[in-house]
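**Q** based on what follows, work out the 3D shape:
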Amino acid sequence: MVNLKEQRKVNNQRIIARNMYLFNDNKTYIIWLVTHDKNFIKLLVKNFGYDKEPKFNEMLINEYIQSKDQYKIGELIFAKNCNKELEIRDGILQSLTDTYQKSSNPKDLYGLMEFVSKLLQTDEYNNYSENEKIKMVAYLANTYDFLFKKNHRNQDGWDLRWNILGAYFEDDSRSEIKWPKLKGEMQKNNYYNLPNLKEVISYAEGFDSVGAPD
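**A** A predicted model of the protein is given here:
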């Protein structure tokens, strides 16, 4: 039988913690929420784009990393807002980078590669336009491909052959968006002001059937 007195106490604590964190910016409740109110955090981040709290992001990232559908982390990074416009949650990408840097495990990032494959080669994400998809690829490559270029030669666990744009440059046959269109759209938009994108595009064009350039 449910202990109603104990349940009432937990409910009160939950209300207090939510209100103190959201409306009073009281950071002391972060750990309590991560420990006791995971569904609320999921709602905040996934449905309302609340990606500014690293510990919330880390909790959800770890769930995706350990799941059989790791690629769905892309659904945490990208969404459509109320106006049906693309919304990008940079905080998730930064937290994912931080997670990888703590673990030194490239497998933590594999979901990004898999998401791009699903995005460009299947009908699963047809709610996004062609140009939106290119922008999404740009943001993921700016993160994943830059880390690949920097680390794959001297760190175990990377796929030693491919990154996002390198694989796409070498073989774009499975997507309706061809490499010239992908690259041209990124250039036209000034690389979306992403700091690493121009560099990783150039790097990708050094890939061949063997894989990454020296």
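**Q** just for the protein, where's the confidence low?
**A** 1-2, 160 (pLDDT under 70).
**Q** mind listing the strands for it?
**A** Per DSSP state E, the chain carries strands over the ranges 78-80, 86-88.
**Q** need those in a markdown table with mean neighbour count and distance to L182, can you?
**A** C-beta coordinates here come from the backbone N, C-alpha and C atoms, glycine included. Listed next are these as a markdown table, based on neighbours: other CB atoms under 10 Å; distance: least, CB to CB, whole Å:
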| stretch | mean neighbour count | distance to L182 |
| --- | --- | --- |
| strand 78-80 | 17 | 17 |
| strand 86-88 | 15 | 16 |
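**Q** among the ones you listed, which is nearest M113?
**A** Across the strands of the chain, M113 has its closest neighbour in strand 78-80 (15.1 Å, CB to CB).
**Q** what residues does that closest one touch?
**A** 46, 49, 86-89, 127-128, 136 (CB atoms under 8 Å, 6 or more residues apart in numbering).
**Q** strand partners of it, parallel vs antiparallel please.
**A** Partners of strand 78-80 in the sheet, by DSSP bridges, are strand 86-88 (antiparallel).
**Q** contact partners of the strand it pairs with?
**A** Under the criterion CB under 8 Å, 6+ apart, residues 49, 77-81, 128, 132, 135-136, 139 lie in contact with strand 86-88.
**Q** recalculate using a threshold of 6 Å.
**A** With contacts defined as CB atoms under 6 Å, 6 or more residues apart in numbering, strand 86-88 is touched by 49, 79, 81, 132, 139.
**Q** what's the burial count for the closest residue to M59 other than its chain neighbours?
**A** Among residues not flanking M59 along the chain, V34 sits closest, at 5.4 Å (CB to CB, 6 or more residues apart in numbering). When neighbours are defined as other CB atoms under 10 Å, V34 has 15 of them.
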